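Undergrad: pasting the sequence and the predicted coordinates here, then a few questions.
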Amino acid sequence: MRQNLFFSKIVGLLLLLLFSSAAQADTGALRDIRLWTAPDHTRLVLDLSGKIEYELFRLHNPERIVIDMQQTELKTRLNQLSLPDPVIQEIRSGVPKTGMLRLVIDVKEKVQPRSFLLKPMQGKPFRLVVDLMRPDQAKKEAITADVSKKQKELIIAIDAGHGGEDPGAIGPHKLYEKVVTLAVAKELAKIVDATPGMKAVLIREGDYFVPLMKRVQLARKAKADLMISIHADAVRTHTVEGASVYTLSDRGATEDKAARALAAKENAADEVGGVAFDQIDDPVVNSILGKMLRTDSINSSHMLAETVISKMKHAGPIKYSSPKRARFAVLSAMEIPSVLVELDYISNPARERMLKTREHQKLLASALFDASVDFFHKMGRLKDSTASAVASDDTMSLFAGN
Ligand SMILES: [Zn+2]
């Protein structure tokens, strides 16, 4: 009897210890905070030690956004953020009651907040994403797009892959895919915009993430005549090198394994970059491949892809000498001839070094430009040789000037 009593006391003590350590483990931490500025919103990403309960609300006069996080401690410094940004003036923190962490975001204008939690993936922890949308800025964007529609220029949508939270592939010397894609996209836009009768639309202009479906929408809104999505691939074997070009495939089409795996990798961008679950729809399944793809759009994208390969040959090694097909979400604007270009393998240290240089970025951009001009000629969209003649002059002077 006495032994039993003693035993139950021990058990009770053990249980108490267990519960108290469980309670301690429940206290989460805000470990890091990052800020990404897009034209129509600012995104804050909070790295958390685990899932948390939180509440987000607005206060006026002055405008501010408040986030109350239950059982959370601040384990990072807020003053490391590069502030002010176009939306955020300052971020402050406080502890309004035991265990609760409060962030107060002072904003410069009325914003529409949106927030969601992301599960851990690809080495990233639990994240709380807070988007501060600028309704006025979004309206302005729509107006600019309308103006471009009225001009009878050939419009090239240039999509720099990844961005913001999503670095894309990372090279052995820590070169980020998102950096290379944006640099080449900007070089290409420069050449296009210097060409009479042509206009570039950059789908991403800075270091922020654009969801895959938004990329497609932006290309459509701009009434793009073609779309080039720019990427750089990575594999385990560091000696692999060369460019490859992809188009969208029909559901029934034979895709090779590597192309399908690549599409899955690129399509995961939304989850890494941070798109709320209810915002991800499977566009490829929902809107395109449920129906039959129009053969002419497949053919023109394929022709564009072949032209890109033939021009990329002059800029560097080629991995596959013919285009491949797979279900890339970003290529789902099927009425616009669209290709996805993997410039090279960033996982190859020698190629990574090349991809980092301005000269090589320009060379790749001019190959993509030449391919676009060639494609427009083949499609009968460029009636005379003026554009290409002017273009190559411009390209030359562009190179000569640097
Ligand atoms: Zn990519």
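TA: Cool, got the structure. Worth saying up front: this structure is predicted, and the values here are computed from it rather than measured.

Undergrad: name the residue closest to the centre of this protein, please.
TA: By C-alpha atoms, centre = their mean, the chain has its centre lying nearest to His162, at 2.8 Å.

Undergrad: what does the pLDDT read for the closest residue to that one other than its chain neighbours?
TA: Of all residues not flanking His162 in the chain, Gly168 sits nearest, at 3.5 Å (C-beta to C-beta, 6 or more residues apart in numbering). C-beta here means a position set from N, CA and C on the backbone, and glycine is covered the same way. We note a pLDDT of 96 for Gly168 in this prediction.

Undergrad: touching, Gly168 and Leu175? I think so.
TA: No - the pair Gly168 and Leu175 does not pass the contact test of C-beta atoms under 8 Å, sitting 10.2 Å apart.

Undergrad: higher neighbour count, these two?
TA: Neighbours per residue, other C-beta atoms under 10 Å: of Gly168 and Leu175, the larger number sits with Gly168, 24 against 20.

Undergrad: quick one: that one from the ion, how far?
TA: Separation of Gly168 from the ion (C-beta to the ion, to the nearest Å) stands at 4 Å.

Undergrad: tell me the secondary structure at that residue.
TA: Assigned state for Gly168: coil (three-state reduction, DSSP: H, G, I helix; E, B strand; the rest coil).

Undergrad: which residues touch it?
TA: With contacts taken as C-beta atoms under 8 Å, 6 or more residues apart in numbering, Gly168 has the following neighbours: Gly161, His162, Tyr176, Glu177, Lys178, Thr181, His231, Ala232, Ala269.

Undergrad: ok, which of those also contact the ion?
TA: If you filter the contacts of Gly168 for contact with the ion, counting by C-beta under 5 Å from the ion, you are left with Gly161, His231.

Undergrad: out of the contacts of Gly168, which sit inside helices?
TA: Taking DSSP state H, the ones among the contacts of Gly168 that sit in helices are Glu177, Lys178, Thr181, Ala269.

Undergrad: that older thread, touching, the residue nearest to the centre of the chain and Val179? I think so.
TA: No - in this structure, His162 sits apart from Val179 without contact. The criterion is C-beta under 8 Å, and the distance is 9.1 Å.

Undergrad: which SS state does Val308 fall under?
TA: Per three-state DSSP, the local secondary structure of Val308 is helix.

Undergrad: for the residue of the stretch 1-150 of the chain found nearest the ion, give me the backbone phi and psi.
TA: With distances taken as C-beta to the ion, the stretch 1-150 of the chain approaches the ion most closely at Gln122, which sits 12.7 Å away. Main-chain dihedrals, Gln122, degrees, to the nearest 10: phi 40, psi 50.

Undergrad: I'd like the numbering to begin with 163 instead of 1 from here.
TA: Sure, I'll start counting at 163 from here, so that last one is Gln284.

Undergrad: can you give me the distance of it to Leu265?
TA: Applying C-beta to C-beta, to the nearest Å, the value for Gln284 to Leu265 is 25 Å.

Undergrad: give me the element whichever residue of the stretch 463-564 of the chain sits closest to the ion is part of.
TA: Taking C-beta to the ion as the measure, the point where the stretch 463-564 of the chain comes nearest the ion is Glu504, at 7.3 Å. Glu504 is part of strand 500-507, with elements assigned from DSSP states H and E.

Undergrad: wait, isn't the residue of the stretch 163-312 of the chain closest to the ion in contact with Gly436?
TA: No - counting by C-beta under 8 Å, no contact exists between Gln284 and Gly436, whose distance comes to 11.8 Å.

Undergrad: okay, now the closest residue to Phe219 other than its chain neighbours: neighbour count?
TA: On the basis of C-beta to C-beta, 6+ apart, the spatially nearest residue to Phe219 that is not a chain neighbour turns out to be Val228, at 5.5 Å. Each residue near Val228 was counted by other C-beta under 10 Å, and the total is 16.

Undergrad: with Glu403 instead?
TA: Using other C-beta under 10 Å as the criterion, Glu403 is surrounded by 17 other residues.
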